[in-house]
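Novice: Show me how the following folds:
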Amino acid sequence: MQKILNFGSLNIDHVFTVDHFVQPGETMAALGLSLLPGGKGLNQSVALARAGAEVYHAGKVGANGTSLVSLLQKDGVHTEWIDRTGSTTGMAVIQVDRTGQNCILVSRGANGEMTGAQIDAVLSSFGRGDLLLLQNEVNLVSRMIDKAAARGMTIALNLSPIDESLGHGPLEKVSYFLLNELEGESLTGEKQPDRICEALLTRCPKAKIVLTLGKKGVLYRDQNARFAHGVYRVPVVDTTGAGDTFTGFFLASVIGGCSVEESLKLASAASSLAISRKGAADAIPTLQEVKNAHLEMQL
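Specialist: Numbers count the residues shown, from 1 in each chain. Here you go, the predicted model:
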């Protein structure tokens, strides 16, 4: 059976509810504070598991990260590859305004302490046909791509948070790119969605690209196909983790044998449900909740 390995971040999110995002030089009292599990890696593992996939999480936490491991285990995620000897668990400071929009500041902590030995040990248990999911909140991403490709694994890369190191990495070895418009522009220099995809396909002709477009939905491109899907009408409470929810449900659906079109539809519905709830990992719906949801397309 094909296994999904998510080598990703694990954070403790400090979520401040605010009237508006803090401006330079401004001091402002928050309307509320919540400490929640997070990190793009953790969120995506939870989404994969709740979408019905068998997922293994690899990463690193400090002594204060035990609750994050327990949360993953509660959702059925395999956690034997999480190293618990990090200096301190990764942390994010998140502002969520009255419209549900967010801005995020991340401190890597243990997420930036992966070693070559740890990577080699984890990947030794996976091989041809298995899928490796990566985000850019951990270090040594390029090494992970190289090592996984050498083992014949399928590689999915969520290019968030984007930085120059990714642009110089071995992207031609990636099978699935999951990114938004800003990340696409940063990587390719193009702004129009189809041009972003065309530029990336020129560099990586075998890739499958999933480009999220915010209120305009999502665009899928490969060398042979183009699909698009809109968004659903829901009240926006908190957009934190929406992209991670989409990533998890899309990959779980594709790996599970669904068509690209059906996978886009399911992932779009799941992320819509997530933004109608507060939090990141806590807001991710189950597959049954998504199937039971009656959502109206936003025109």
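Novice: from here on, contacts and neighbour counts on C-alpha atoms
Specialist: Noted.
Novice: and residue 239, what does it touch?
Specialist: 100-102, 274-275 (C-alpha atoms under 8 Å, 6 or more residues apart in numbering).
Novice: From those, list the buried ones, please.
Specialist: 100-102, 274-275 (16 or more other C-alpha atoms under 10 Å).
Novice: In helices only, show me those.
Specialist: 274-275 (DSSP state H).
Novice: would TSV of the buried ones among the contacts of residue 239 with pLDDT be doable?
Specialist: What follows is the buried ones among the contacts of residue 239, written out as TSV (pLDDT from 0 to 100):
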residue	pLDDT
100	88
101	90
102	90
274	95
275	94
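Novice: re the thing from before, could you identify the most distant pair in the contacts of residue 239?
Specialist: 102 and 274 (13.9 Å; C-alpha to C-alpha).
Novice: Quick check: neighbours shared by those two?
Specialist: Shared contacts of residue 102 and residue 274, defined by C-alpha under 8 Å, 6+ apart, are found at 238-239.
Novice: check contacts around the one residue sitting closest to the centre of the chain.
Specialist: Most central in the chain under C-alpha atoms, centre = their mean is residue 244, positioned 3.6 Å from the mean C-alpha point. Residues counted as contacts of residue 244 (C-alpha under 8 Å, 6+ apart) are 40, 43-44, 47.
Novice: how about the residues you listed in a markdown table, adding distance to residue 121?
Specialist: As requested, those are exported to a markdown table (distance: C-alpha to C-alpha, whole Å):
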| residue | distance to residue 121 |
| --- | --- |
| 40 | 22 |
| 43 | 23 |
| 44 | 22 |
| 47 | 25 |
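Novice: quick revisit: so the residue nearest to the centre of the chain versus residue 48, what's the distance?
Specialist: For residue 244, the distance to residue 48 equals 9 Å [C-alpha to C-alpha, to the nearest Å].
Novice: Then residue 220?
Specialist: 19 Å.
Novice: between these two, which one's more packed in?
Specialist: residue 48 (31 against 22; other C-alpha atoms under 10 Å).
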